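>>> sequence plus the predicted model coming up.
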Amino acid sequence: MRLSFLFTLLFSVLICQAQEYIEHPKFPKGINSNDQYEAVPHYNEAVELYKKGEIERAKTSLLEAINTSFALVEAQLFLGEIYYEQGRIDSAMIYLNSGIDFEINQPAHYYFKLFEVGMKLELYDVLKHNLKHFKKYYGNIDYGEYDSLYPYTVNDYEFYMNSVSLATDYNYWKTRAVKVTDLQLSNKSEVIPTTKGLVISSTEDQKLIKRKGLKKNRIKMKEFTFFQSEWISNELSFRTVNENGIYKSYWKFEKDDNWVLLPKEVNNGSWNGHFFYAPKYSLIYFSSDRTGNKDLFVIKFNSVNSSFSQLSPLSRVNTKGDEIYPTFINNVFYFSSNGLPGFGGFDIYFTPDYSIENGLITPSKWYNLGKPYNTGDDEIQFMIYDDFQFVSSTNWNNQNKIVVFKPKVAHTDFDYEIKLKKIEKD
């Protein structure tokens, strides 16, 4: 609550700094602009009222200014920012969109507030039009911030451009990998990422894909839905049985009697699964329906006394849809979601940016992994091993497959390279 208050206060200060009294319109619009000068007193009155904290009266004065002259874009942008601050995104979208004039160079932060509310309202065509004109004025900025008062950068612009391109124009995407092969699986197969490769587990086929030449070898394994394992002291391992609870064991996988259900800090709600253990950071990532839909969570795990603490939802990537199959590879977080803009159904997303607080590593800004990884099918799991990338997917007919990719170029667009970072044993 305190952080929310501080953010609101800071944002109010920024708006107050940005809105100054004017003697004449900075952006005169149209051939006959006399009515714009008549609207200026109403605008200045709104500035004065806003500085006094009389927000509703300030809004009334801005509406008077707009009714006097719709062409006074300063009034529209100011009103749009107030609605943005109040969380009324529909009204904010109306006035920010009408206040932005493509014929003049206006401050970048107006565009970014428009991009944000437009994404929430799914007005992709409007956003695409504004993104195009934003590039006209700010396309020569290669790095850094657009405005010292607002923390918007080129990465923010690319984030919105990539997101909008999913819904409007796939040609924005660059091919980053070449498909090596498809591995068709039976309907009962599940894909299991481990440090030793990918395991395909089912009653019909149990195979391990090794890194050298993608060779397939049979292994002995009991049937279960999903497990992910990182080998540490005492061969600690985890698995999910029938996707209704996460278990751990210090023994071999085939000894079922030694699996112990994890405590309620992890197993809460009717469904918990898609477990990923990052021993280097003593963190466990998993998916759970404890909030209604399937969301992602992280929790601190002490392998010495098997205790858990500091459970936290990954709120910046969780949506009203389902988020599943988290992995954390080479300091990049991957997950699958059907609640974010994508190519249809579940897509793979990644978050190279993250925050660290009290030892918890939580992803922040997400990006769609794009072509050729995501398609109209459900891409539910992503894994990297050696020089190969693997995507597990399911189509409309519930047919499962693994698509194997060879990276064509590193993801330099987002300032990182995809590499496998092997985690050493403790």
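That came through, no problem. Numbering: from 1, shown residues only.
>>> residue ranges of the strands in the stretch 201-350 of the chain, please?
Under the criterion DSSP state E, counting those that start in this stretch, strands of the stretch 201-350 of the chain are mapped to 207-209, 216-218, 237-240, 246-249, 260-261, 272-278, 283-288, 295-302, 307-313, 323-329, 332-337, 347-351.
>>> what's the weakest-modelled helix or strand in the protein?
Sorting the helices and strands of the chain by mean pLDDT, DSSP states H and E puts strand 216-218 at the bottom, at a mean of 39.
>>> show me what contacts the closest residue to residue 269 other than its chain neighbours?
The shortest distance from residue 269 to any non-neighbouring residue, by CB to CB, 6 or more residues apart in numbering, is to residue 290 (3.4 Å). Bear in mind the C-beta positions are built from the backbone N, C-alpha and C, glycine included. Going by CB atoms under 8 Å, 6 or more residues apart in numbering, residue 290 touches 268, 269, 272.
>>> repeat that for residue 263.
residue 308 are the contacts of residue 263 under CB under 8 Å, 6+ apart.
>>> and the residue lying closest to residue 106 once chain neighbours are set aside, what does it touch?
Once flanking residues are discounted, residue 106 sits nearest to residue 100: 6.2 Å by CB to CB, 6+ apart. Neighbour list for residue 100: 73, 77, 106, 110, 111, 114, 130, 133 [criterion: CB under 8 Å, 6+ apart].
>>> would you mind measuring from the second one to residue 97?
Applying CB to CB, to the nearest Å, one obtains 10 Å for the distance of residue 77 from residue 97.
>>> more crowded one of these two?
For residue 77 versus residue 97, neighbours defined as other CB atoms under 10 Å are more numerous around residue 77 (26 against 19).
>>> quick one: name whatever helix or strand follows the helix or strand encompassing residue 60.
In this assignment (DSSP states H and E), residue 60 forms part of helix 55-68. Counting by DSSP H and E, the element after helix 55-68 in chain order, helix or strand, is helix 73-85.
>>> need the helices for the stretch 51-200 of the chain, in chain order.
Using DSSP state H, counting those that start in this stretch, the helices of the stretch 51-200 of the chain run over 55-68, 73-85, 89-99, 108-121, 124-138, 154-168.
>>> among these, show me which one is buried the most.
Compared across the helices of the stretch 51-200 of the chain, helix 73-85 shows the largest average neighbour count, a mean of 24 (mean count of other CB atoms under 10 Å).
>>> packing partners of that one?
Counting contacts by 3 or more CB pairs under 8 Å, 6 or more residues apart in numbering; DSSP states H and E, helix 73-85 packs against helix 2-18, helix 34-51, helix 55-68, helix 89-99, helix 108-121.
>>> and residue 314, which of those is closest to it?
Nearest of those to residue 314, taken as CB to CB: helix 2-18 at 17.3 Å.
>>> domains in the protein, by residue range?
With domains defined by automatic domain parsing, the chain comprises 1-99, 110-172, 177-414.
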